[in-house]
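[1] coordinates only, sequence not included:
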């Protein structure tokens, strides 16, 4: 059955990336809770020693999180959205969480913009809407964020939420690849290998695949195999091709593992041994 998910090897990467973006907020929330527990325990201990210790009185009392949310505090809206989505200290409510996430995004909270873009992409707490997803990724990309630029590139490449434009996709991949982002480097290498939106250029494809491969990205390692194996019209280099196929398979790439038996059958024994030795050397160094 055909799927409408992106044509990317790891379909969960965008969502996983969003999850990582919330680590700081989770840590802030946990720190706040831990401090509250510590202060409460301290008050109890001191009360046992010296009698009741009055809590400080505020005039007026400090606003609650809900009050801050309702009065438009963007950071509070973002934190409250995360709590609702994860069911932390409140009943889980994806729709309400997405609502407040978008309110925080509208006020410029970058993590909220990443999150709501992902929610619209996958239909998490909202109806799936590729155009809205692309809109929010564009807001993120315009701030120089590599993941935003990568997703804008994907939108243009796949025609999701925007008119398909391979030249624009290539340009967005180029921008974020230069920042060192491994997904962008892989996407840029792919565009050079296939000639998508740019003149086909195997040397540049190898350059960018290599940069991503050196960071351990198995899809880029497989990409190097595809280039060196001559599958796109480039001259063969079977030893180098075999090296990267072994490396990609060793790093868990399923496609590489599936290609390996047939490739080994066609590779002369001496070349196969050289490829294996080079792959083992590379893996030992990484």
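    Yes, it's here. As the structure is a prediction and not an experimental result, all values here were calculated from the model.

[2] What lies in contact with the one helix or strand residue 100 maps to?
    If you go by DSSP states H and E, residue 100 is part of helix 94-106. Residues outside helix 94-106 that contact it (CB atoms under 8 Å, 6 or more residues apart in numbering): 69, 74-75, 77-78, 80-85, 112-113, 115-116, 119, 124-126, 136, 139. C-beta: built from backbone N, CA, C; applies to glycine.

[3] Then stretch 272-286?
    Outside stretch 272-286, the residues touching it (CB under 8 Å, 6+ apart) are 214, 216, 238-247, 250, 264, 267.

[4] Give the PyMOL command for selecting the buried subset of the residues you listed.
    Buried residues among the contacts of stretch 272-286 (16 or more other CB atoms under 10 Å), as a PyMOL selection:
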select buried, resi 238+239+240+241+242+243+244+245+246+247+250+267
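
[5] if you look at the contacts of stretch 272-286, which of them are in helices?
    Members of the contacts of stretch 272-286 lying in helices (criterion: DSSP state H): 214, 238-247, 250, 264.

[6] could those go into TSV alongside distance to residue 157 and pLDDT?
    Formatted as TSV, these follow (distance: CB to CB, whole Å; pLDDT from 0 to 100):
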residue	distance to residue 157	pLDDT
214	24	95
238	30	89
239	32	92
240	27	94
241	26	93
242	30	93
243	29	95
244	24	96
245	25	96
246	29	96
247	26	97
250	29	96
264	33	89
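
[7] for the residues you listed, which one is nearest residue 144?
    residue 214 (23.7 Å; CB to CB).

[8] For that closest one, give me its contacts.
    residue 286.

[9] Between the ones in helices among the contacts of stretch 272-286, which sits nearest residue 65?
    residue 214 (44.5 Å).

[10] Residue 220 versus that closest one, what's the distance?
    8 Å (CB to CB, to the nearest Å).

[11] Residues contacting stretch 139-158, please?
    Contacts with stretch 139-158, where a contact means CB under 8 Å, 6+ apart, come from 6-8, 14, 17, 105, 110, 113-114, 117, 130, 133-134, 137-138, 160-162, 164-166, 168-173, 175-176, 179-181, 183-184, 187, 191, 196-197.
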